[in-house]
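S.K.: Predicted model follows, preceded by the sequence.
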Amino acid sequence: MSAIITLTTDLGLTDAYVAAMKGVILSINPEAKLIDICHTIQPQNIPQAAFVLGMAYQSFPRRTIHVVVVDPGVGTERRAIILRTPQADFVAPDNGVLSYIIQQSLAKPVDDNASQQIELEPELEAVAITNPKFWRSPVSPTFHGRDIFAPVTAWLSLGFPPADFGEAITSIIMLPLPKPYWTRDGSLTGRILHIDSFGNLITNIKSGDLPQTKQAIATKVGNHLIHKLSHTYAEGTGLLALIGSGGYLEIALKEGSASAFLNAEVGDEISITPGDN
């Protein structure tokens, strides 16, 4: 049975781990189409994995299965889960790595201050993976990616319903996803969510969050002020602010790395002010 399966991991490209997962999947479903989203997530960096998956999964056909192995809690009591949404299926540890998928279904905003259990909306189905019938044996306590997530994903791709894999659950863990906010001085303050491989700073400010004004806007990052929005990475010189392909405000450095130039880190603040201030 042909199915599209994507893999997002922090397992790297210099070891046998990813190949082992693919081998297990193909041993169960030789017709599966395996697509790599990313295997260079920083080790144990759950927020980075959540963001990368959230940016990529919507580009795939409906009913694609996305397996995520960024799992610092492997071998502990943390749950392994299947999440079924109207668009896709996800097989992952219950550690917040599916936060952006959950966020898109929520009818109400949630507290951004800490990870928490979020009640699922009715259109989402989730199970805790507890049925060892679908696992490899024996299960290594240090490699659930190969011994649980990979075989479960393969059997799921063959048409087994989520309910066959374990017990239904009604909530999963969601990471804090900070939203931009307006300050008393009239500026919009956001944070860097992600730094891509080009050194571009991707913020949590979306195009719809920007001031609805015909005036120019000024973007402040560190001690630098960018006086307009650009349309491409090739405009002007030096630092640029623009709306990237994912719909988020980005800070870039023409023909360079904004991250290195600014010594910027995920979580750093940026601000937007209407007018050329």
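M.R.: Received the coordinates, thanks. Numbers count the residues shown, from 1 in each chain.

S.K.: quick one: the helices in the stretch 151-277 of the chain?
M.R.: Ranges of helices in the stretch 151-277 of the chain, per DSSP state H, counting those that start in this stretch, are 258-262.

S.K.: can you pull out the strands in it?
M.R.: 166-169, 171-174, 181-182, 188-195, 201-206, 217-221, 224-226, 229-230, 239-243, 248-253, 269-274 (DSSP state E, counting those that start in this stretch).

S.K.: Could you check how many residues crowd around the closest residue to Ile25 other than its chain neighbours?
M.R.: Excluding the flanking residues, the one nearest Ile25 by C-beta to C-beta, 6 or more residues apart in numbering is Ala154, at 4.4 Å. Using the backbone N, CA and C atoms, a C-beta is placed for each residue, glycine as well. When neighbours are defined as other C-beta atoms under 10 Å, Ala154 has 25 of them.

S.K.: re earlier: looking at the strands of the stretch 151-277 of the chain, which one is packed in the most?
M.R.: Mean neighbour count (mean count of other C-beta atoms under 10 Å) peaks for strand 248-253 among those, with a mean of 24.

S.K.: quick one: that one to strand 269-274, angle?
M.R.: Using axes from the mean of the first three to the mean of the last three C-alpha atoms, to 10 degrees, the inter-axis angle of strand 248-253 relative to strand 269-274 is 100 degrees.

S.K.: just how off-centre is strand 248-253 within its chain?
M.R.: 18 Å (C-alpha atoms, centre = their mean, to the nearest Å).

S.K.: From the contact counts, what lies against it?
M.R.: For strand 248-253, the packing partners by 3 or more C-beta pairs under 8 Å, 6 or more residues apart in numbering; DSSP states H and E come out as strand 201-206, strand 217-221, strand 239-243, helix 258-262, strand 269-274.

S.K.: hey, C-alpha coordinates of that strand in PDB?
M.R.: C-alpha atoms of strand 248-253 as PDB (Å, rounded to 0.1, in the frame of the first residue of the first chain):
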ATOM      1  CA  TYR A 248       6.500  35.300   9.500                       C
ATOM      2  CA  LEU A 249       8.600  38.500   9.700                       C
ATOM      3  CA  GLU A 250      12.300  37.600   9.200                       C
ATOM      4  CA  ILE A 251      15.500  39.500   9.800                       C
ATOM      5  CA  ALA A 252      18.100  38.800   7.200                       C
ATOM      6  CA  LEU A 253      21.600  40.100   6.200                       C
END
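
S.K.: List the contacts of that strand.
M.R.: The contact list for strand 248-253 (C-beta atoms under 8 Å, 6 or more residues apart in numbering) reads 190, 193, 198-207, 209-210, 219, 221, 226, 233, 238-244, 258, 261-262, 264, 270, 272.

S.K.: about what we covered before: and the strands of the stretch 151-277 of the chain: which comes nearest Val24?
M.R.: Among these, the nearest to Val24 by C-beta to C-beta is strand 166-169 (18.6 Å).
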